[in-house]
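# Build me a structure from this.
(chains A and B)
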Amino acid sequence: MGFLSPWFLAGALAVGVPLYLHLLRRHTTDPHPFSSLMFFEKRTQSSVRHRRLRYLVLLSLRMALLLLLALAFASPYINRPATGASGDKLLLLAIDNSFSMRAGSRLEDAKREAMSVLEARNPAQRAQVLALGSQVHVLTQPVLEASTLRSAVQGIEPGDSRGNFAELARAVRGITESVRTPIELHFFSDMQKADMPASFEEMSLPANVTLVLHPAVKTDVPNWTVESVNAPGQVWDPKKARVEAVIAGYGTADATRTVSLVVNGKAIATQSVQVPANGRATVEFQSLDVPYGFSRCEIRIDAADTFPADDSYLFAVQRTDPQRVLFVHEAADLRSPTYFGDALAAAAESAFQLNTVSVGQAGNTPLAPYSFVVLSDVASLPSSLESDLMRYVRAGGSVLIAAGTSSARASRVPVIGNRIIEPHDYSLDGARFLTVSDADASHPSIGDSARWAGVKFYYAVAVDPADSRVIARLSDETPLLLEKKIGEGRALLLASGLDNLTNDFPLHPIFVPFVEQTARYLSGTERRSGSRLVDSLLELRTAKEQAVSVEVVDPAGRRPLSLEEATSAESYQLTQAGFYQLRLANGRQDVIGVNADRRESDLAIIPDDVLALWTGGARAQPEQASTPDSAKPAEQKSPYSLWWYAMLLVLAAAVAESVLASRYLGMRRDES
Amino acid sequence: MQRFLDPSVLGAISGLDLVAKTVVDGFVAGLHRSPDFGFSQEFAEYRAYTPGDDLRHVDWNVYARTERAYLKRYRGETNSLLTVLLDASNSMNYSSHSVNKMDYARFTAASLFYLAIQNQRDAAGLIVFDDEVRNYIRPSTRQGQLHRLLSGLEMAQPRARTDFGKPLHHFQEFLRRRGMVVIISDFYESPAKIIRTIEPLRFHGNEVVLFHVLDPKEIRPDLKESAVLLDLETDERMEVTPEYTRNEYRGKIDAHLETLRDLARGAGMDYHLLITDQPLDDALREYLTIRQGRN
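Numbers count the residues shown, from 1 in each chain, chains lettered A, B, ... in the order given. Model prediction:
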């Protein structure tokens, strides 16, 4: 027996109070008048004895009340066998079907082991089967039927998720709260070190759970894998596309590996790479010759190991013609198209073709073929062009407006209509230039806001933001970058020029990413990506794309979304490795390659001492657990709180004390 | 009507005269419905007229029918002498409820006086005593006698202790005419001594009645725990236990009552136990019974 809060036992000293009141304090008795005592005899001794006896009962009750109260607050507990307390012990079988269990025959071995534990089970013992990937899947409820349990175990398929032992502990904690009986947990896994959470505490199990581990392997196994691939999602010039792959070896010796670039099932390039022992090497393919449309690409190595599932890395590439961009500038301004065009062309994945025209030439230009339009420091637009632009934007087009010195002559910004307050020529002020003080990094055009810090702005046009969203501000709070939604389209306003005169923005490294990301954002191609990881979430629609049906086809060719989900789901979790085919809410088709988390490729197992710690030291050794006999774990003690019993005794003592004391006081009143 | 005789009701009435009237009127009204008891104006017999008899008592209806003069005789017509000896010792002050023994004794005595004087035309007197004779009102039928007696009762305040020996010596001097002697006391004395002291009164031809007034808790004390008791007469303190009062005390008080009753009856006296929570009619009934017997 122990106490959780032993310092409350100091409250037992309060028993001195009734002790003083009953025994040490002198009792005074008022005499009761009576007619005559001629028929009475002195019985003093018996009287006093009787009084003391009754007082002692009351005193004992009061002392017991205080002692029990102190005892209850000290939270007493006893250790009792966690498993022996109830005959109804739940047999819980958890089978790891994470990606690493595809290595060798690990999953089959684990299922065979689980079947043997089921065979050795007492038929009267309830059992439940779980499968563990990144989440725990409850395959059965606690049942007695052996056939149900066997079919649940046999039905477990290898998964592509990353294992998470913390999820298992969390699920078991949830089960203990609902089952409330001791649990004997048998865990069948490859005990992969990479599946452990950052904190060991997250793996801790409740006291009434006995963990028996069944490791599928006992030693580390060397493994090769394609750890990552960096490839464009969209290609318009195959000669400019680059594919970079990282080849990693876990527990491997120094070796040369052959790496192949496979497009639509056909190897189009092969390279050899020297990988150091237990290290990494990078392979770069200089071109990606893919046909128009979506291509299913793959980087594959000749690993010749026991885990072939991670020897390839999938990604999808779409080859299109470059999208056209119309750049409208003043005839005298030749610097802006140069800087903007060079930046757009410099982007590695750029798929844009820039058409530059002066304001005068742009009057009759049809806008529909252009993915977006750039107005670079235009003093005034022909009315026909402005009305065309307004229609173009309202219909879903986009425009980037740079407001330089020429724009300041107008009273309002073309297309978006915001009022121009005044031009700020900082080069004339003492400060000479201003920098960006506040930038919204969540906007695709901004990217890394820290990289904007060194850009000097000598000139900016102060524009009334009105109902526009301010994305970046200068240090004097002048809005630098604004966005305004117009109809179905959007317009971005840069309150400075692109000409390297009103600022030095084009000379800074941030300019190229800004142009590229802005171009992707305005053209609507920013969501495309060639590869994802299993268990990542795929955004299916934006907030304004509700009630538009989407379509997802998984690697097995099935459509996992129900009709209701297809019209309402905002995201979808990618659960399998392979190529997913998508039709998104905006009508665009997409193909993405989904790969298992490569941390699963590190097949290093958890050290024995850590496993022993997890199972509770001497409770069950993993080596012993590998045999069916080990299904009987060592008896475990668990604390059992006696708080309620102490409080019940307090209540009983309080009631008895009240009854006795009220009787005593009642008698005193009667006699008085 | 019984409620008029309830001591707790009487205790709320101020003035012994009103108490006595209430008790006796209620008692008499009860008697009128009873077939067992007559009253003083009830016809008893005819007696032949002799010269000197009061002509008002001649039954002229009989004379008209028989031409003989007969006197109509009524019961209780003869005058009696009632003397009440009231114990005013301190023990009479005890009470476990609203009426203490002294009040009860006063009510009893006042009712007897009222009944005797107002209804029976008897002479009534009062002797108040404790260990001495405290007050003496000579029996008389004079005008204002009832008022004097009731005043004597009002003034009788309990004090000292009971001692029958000394005052009884004087009683015999006061009680020269034969009559009825009513002794109202709680008789906390040895029964033999009490009877021995009172017995001489009987020898003079008096009808002696002992009204033993006790509180119900004196007969059946109800102690729930040990307590210190204070003797009202001697100031003696004694710690007693509930067990003692439940067993030995009850035996002793019962034996005392029985002995006193037996000895009193053996000595030709009437003995009545009056409990202070019981109606007063027992005392009045006893008085009338004895008086009828005397006629």
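
# Now for the most centrally placed residue in chain B: which residues touch it?
Nearest to the mean C-alpha position of chain B, by Cα atoms, centre = their mean, lies B:Val182 at 4.8 Å. Contact analysis of B:Val182 by Cβ atoms under 8 Å, 6 or more residues apart in numbering or on different chains lists B:82-85, B:109, B:112, B:209, B:211, B:287. All C-beta spots, glycine's among them, are computed from the backbone N, C-alpha and C.

# got the residues of chain B near chain A?
For chain B, the residues in contact with chain A (Cβ under 8 Å from any Cβ of the partner chain) are B:91-94, B:101, B:186, B:188, B:215, B:218, B:221, B:223-234, B:236-241, B:243-244, B:248-249, B:252-253, B:256.

# Weed out the non-buried ones from those.
B:91-94, B:101, B:186, B:188, B:215, B:218, B:221, B:223, B:225-227, B:229-233, B:238-241, B:244, B:248-249, B:253, B:256 (16 or more other Cβ atoms under 10 Å in any protein chain shown).

# Mind checking which of these are in helices?
B:101, B:218, B:244, B:253, B:256 (DSSP state H).

# Present these as a markdown table; the columns should include pLDDT.
Output for these, formatted as a markdown table (pLDDT from 0 to 100):
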| residue | pLDDT |
| --- | --- |
| B:Lys101 | 88 |
| B:Glu218 | 85 |
| B:Tyr244 | 81 |
| B:Ile253 | 89 |
| B:His256 | 91 |
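
# So which of the buried ones among the residues of chain B next to chain A sit within strands?
Using DSSP state E, the subset of these located in strands is B:227, B:229-231, B:238-240.

# from these, which is closest to B:Phe164?
B:Asp231 (17.9 Å; Cβ to Cβ).

# and residue 139, what does it touch?
The chain I'm using is chain A. A:129-131, A:152, A:155-156.

# meant chain B actually
By Cβ under 8 Å, 6+ apart, the neighbours of B:Pro139 are B:81-83, B:123-125, B:177, B:179.

# and those as JSON lines, adding neighbour count, secondary structure and pLDDT?
Formatted as JSON lines, the contacts of B:Pro139 follow (neighbours: other Cβ atoms under 10 Å in any protein chain shown; DSSP: H, G, I helix; E, B strand; the rest coil; pLDDT from 0 to 100):
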{"residue": "B:Leu81", "neighbour count": "22", "secondary structure": "strand", "pLDDT": "81"}
{"residue": "B:Leu82", "neighbour count": "27", "secondary structure": "strand", "pLDDT": "84"}
{"residue": "B:Thr83", "neighbour count": "25", "secondary structure": "strand", "pLDDT": "86"}
{"residue": "B:Ala123", "neighbour count": "20", "secondary structure": "strand", "pLDDT": "83"}
{"residue": "B:Ala124", "neighbour count": "29", "secondary structure": "strand", "pLDDT": "86"}
{"residue": "B:Gly125", "neighbour count": "25", "secondary structure": "strand", "pLDDT": "88"}
{"residue": "B:Arg177", "neighbour count": "13", "secondary structure": "coil", "pLDDT": "69"}
{"residue": "B:Gly179", "neighbour count": "23", "secondary structure": "coil", "pLDDT": "80"}
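
# Just flag the most distant two among the residues you listed.
B:Ala124 and B:Arg177 (12.1 Å).

# list residues touching both of the two?
Common contacts of B:Ala124 and B:Arg177 (Cβ under 8 Å, 6+ apart): B:81, B:139.

# so is the closest residue to A:Thr518 other than its chain neighbours in a helix, a strand, or just coil?
Spatial nearest neighbour of A:Thr518, excluding adjacent residues (Cβ to Cβ, 6 or more residues apart in numbering or on different chains): A:Ser445 at 4.5 Å. In three-state terms, and counting by DSSP: H, G, I helix; E, B strand; the rest coil, A:Ser445 is coil.

# Roughly how far does A:Ser445 sit from A:Trp452?
11 Å (Cβ to Cβ, to the nearest Å).

# Look through the stretch 401-550 of chain A and state the residue closest to chain B.
In the stretch 401-550 of chain A, the residue that lies nearest chain B is A:Asp535 (80.3 Å; Cβ to the nearest Cβ).

# Am I right that that residue is in a strand?
No - counting by three-state DSSP, A:Asp535 is not found in a strand; it is coil.

# you'd agree it is up against A:Ser134?
Yes - A:Asp535 lies in contact with A:Ser134 (Cβ atoms under 8 Å); the separation is 4.9 Å.
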